[in-house]
Each structure stands twice: as C-alpha cells, then as structure tokens.
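Student: Based on what follows, work out the 3D shape:
(one chain, ligands or ions: 1)
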Amino acid sequence: MAYLTAEDKAFFKENGFLVVRDALNPQVVSEAQDVLWSHMGQVSEEIDRKRPDTWINKGYHVLRCGSEAEIKRLVYADPVFAMAEELVGKGLLHTDGGAGPHVNFPRDEQEWNPPKHGHLDGYHTLSNGVPKGTVSQFTLGVAVYLSQINAEGGGFTVWPGSHKVWGEFFRYHDVDCLPGGIAPFDLGESYEFTGKPGDVCLWHSLLTHTAGHNISRNVRIACIARPRRKDLDQIRYDFPKDMWKYWEGIN
Ligand SMILES: O=C(O)CCC(=O)C(=O)O
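Tutor: Sure thing, here's the model as predicted:
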C-alpha cells in the first residue's frame, strides 16, 4: 500500500517539501518522547518535563540520543521510511541512521522575528568543519515533531521552491561559491511548519531551511534525519538538467 498520493508527490516536486499529518502511531511517538525527555539533563538539570516555566531561555540544542532505537525508528522504520522510498525510489536509500533531536526552547520575548534567511546543509564555512568542495551529503531530510508547535513556536522553517533555484544554480556555479549554503539573494516567503506530535515534514536536500524563533510557551522538539542514497558518493556532484533524475519514486 502506498502512503503518498500523486498529489503529495506533485506538491513535493513543486515546493521541495511535504507535510504528512498524523504520520506516526501515538504509541511510537510517546515512547520516543519518553526517551528524549530522559536525556534533557544534557541541557540543564533544571529542566522539568512537567514545568514549562523551567523551559524558558534554555537555547537551541541537539541532544545526543538520536541513535536510541525509539528515536531512530521514527524515521528508519515504516511508515516514514516507506514514504521516503516512495519519493526517492524503493531500495535506493541507506536503511540505517539516527534522527538528531533538535530542541528549540521558548524565549522570554514578545516580538517574533521571522528568520531572514536559511541555509543548505553540508556546505563549507570557515568554521563549521565541513571540508571545502563538499556538497550536501544526504538526499532527503525528514523532520518528525515530538511536541505541539503553533505559529511563532520555533517551527522548522523552509523556503518553498528554493530546491529548484539551487538545482539550477549549481549547474552553473561552483559548489564552493555558497559559503555555509546561505543564499546571497532573496528566496521569497518562508513557511513555518506548525503541527503536533507525530506530524512529519519530508524535504529535498536542496531546500533552504532553518529553525524558527520560538516565542511560544512550548518547547519545539523535532527529530531530524537525513537519509541518503546508497550511491550518493558517485552522484552528488552531478546537478543534472532534470533535477529529478535521481528520484526514481517521482520522476
Ligand atoms: O531545528 C530546525 O528546525 C532546523 C535545523 C537545521 O536547520 C538543520 O539541522 O540544518
């Protein structure tokens, strides 16, 4: 049984991302939440799951528990992995990996600042440790929500359609010309993915994205994974005229 419809795939192609509501079973979500909260002490021992007042101004962190079975299976098990394969192609993705828990705590601020720009992952800067000449080392991004995220709540934020801009741009420009994967030009309006635990956003590796500014009272928890094609090392410097050449699921 397919999870995605032809409309879903068309939306992904056009916008570079797809939100799937209620993608995950509540039990799977609940077990992942328990594991994640048991690691919150990595940020501060003050943080108490039952006391939102202890979450304020604790910053943005990636917890070291993305390889725990309960977290990995959010992405590297069906239904989400099957959705990823429906986009990229059956049997073409590595079947194992982690899903980094990105925790974006609320700020004690009144005014929301929409992010001015995002980035592409895996592009070199002078300080990020990514070697010069590297390009994106994954195929498809997946963000799974483990908390309720309302507007202005620090949601995963994307620039719809930017994947098409970059697919064309890198056909004519050296990959090193984009330090940190940040666009030197306007990519238009951003979209903040809002949702609830168990909602998922699948996104193209060339989609510009970032974390939003969280002025809600809730903590934004997103487990982010980056599945990659098994042959990515052979194809990742290829920016073909048809940017869907390596997306057998939808080309
Ligand atoms: O936490 C987020 O919403 C964005 C994370 C991000 O930009 C990244 O992992 O590259």
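Student: Can you pull the residues of the protein lying near the ligand?
Tutor: His102, Asn104, Asp121, Phe156, His209, Thr210, Ala211, Ala222, Ile224 (Cβ under 6 Å from any ligand atom). In this view, the C-beta of every residue, glycine as well, is placed from N, C-alpha and C.
Student: Farthest pair within those?
Tutor: Asn104 and Asp121 (16.5 Å; Cβ to Cβ).
Student: which one of these two has more residues nearby?
Tutor: Asn104 (25 against 18; other Cβ atoms under 10 Å).
Student: Can you pull out the low-pLDDT segments for the protein?
Tutor: Applying pLDDT under 70 to the chain flags residues 135-136.
Student: in it, which spans are helices?
Tutor: With DSSP state H applied, the chain shows helices at 6-15, 26-38, 69-72, 80-88, 162-172, 232-235, listed in chain order.
Student: among the ones you listed, which is nearest Arg49?
Tutor: Smallest distance to Arg49 across the helices of the chain (Cβ to Cβ): 4.8 Å, for helix 26-38.
Student: quick one, the closest one and helix 80-88 angle?
Tutor: Following axes from the mean of the first three to the mean of the last three Cα atoms, to 10 degrees, one obtains 100 degrees for the angle between helix 26-38 and helix 80-88.
Student: Identify each buried residue in helix 26-38, please.
Tutor: For helix 26-38, the neighbour count (16 or more other Cβ atoms under 10 Å) marks Val28, Val29, Glu31, Ala32, Gln33, Val35, Leu36, Trp37 as buried.
Student: Tell me the helices and strands packed up against it.
Tutor: helix 69-72, strand 220-225 (3 or more Cβ pairs under 8 Å, 6 or more residues apart in numbering; DSSP states H and E).
Student: pull the CA atoms of the last one into PDB?
Tutor: Presented in PDB, the C-alpha positions along strand 220-225 are these (Å, rounded to 0.1, in the frame of the first residue of the first chain):
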ATOM      1  CA  ARG A 220       9.800  22.800  20.000                       C
ATOM      2  CA  ILE A 221      11.100  19.200  19.600                       C
ATOM      3  CA  ALA A 222      11.900  17.900  16.100                       C
ATOM      4  CA  CYS A 223      13.900  14.700  15.400                       C
ATOM      5  CA  ILE A 224      15.700  15.400  12.200                       C
ATOM      6  CA  ALA A 225      17.200  12.700   9.900                       C
END
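Student: Right, I'll leave it there.
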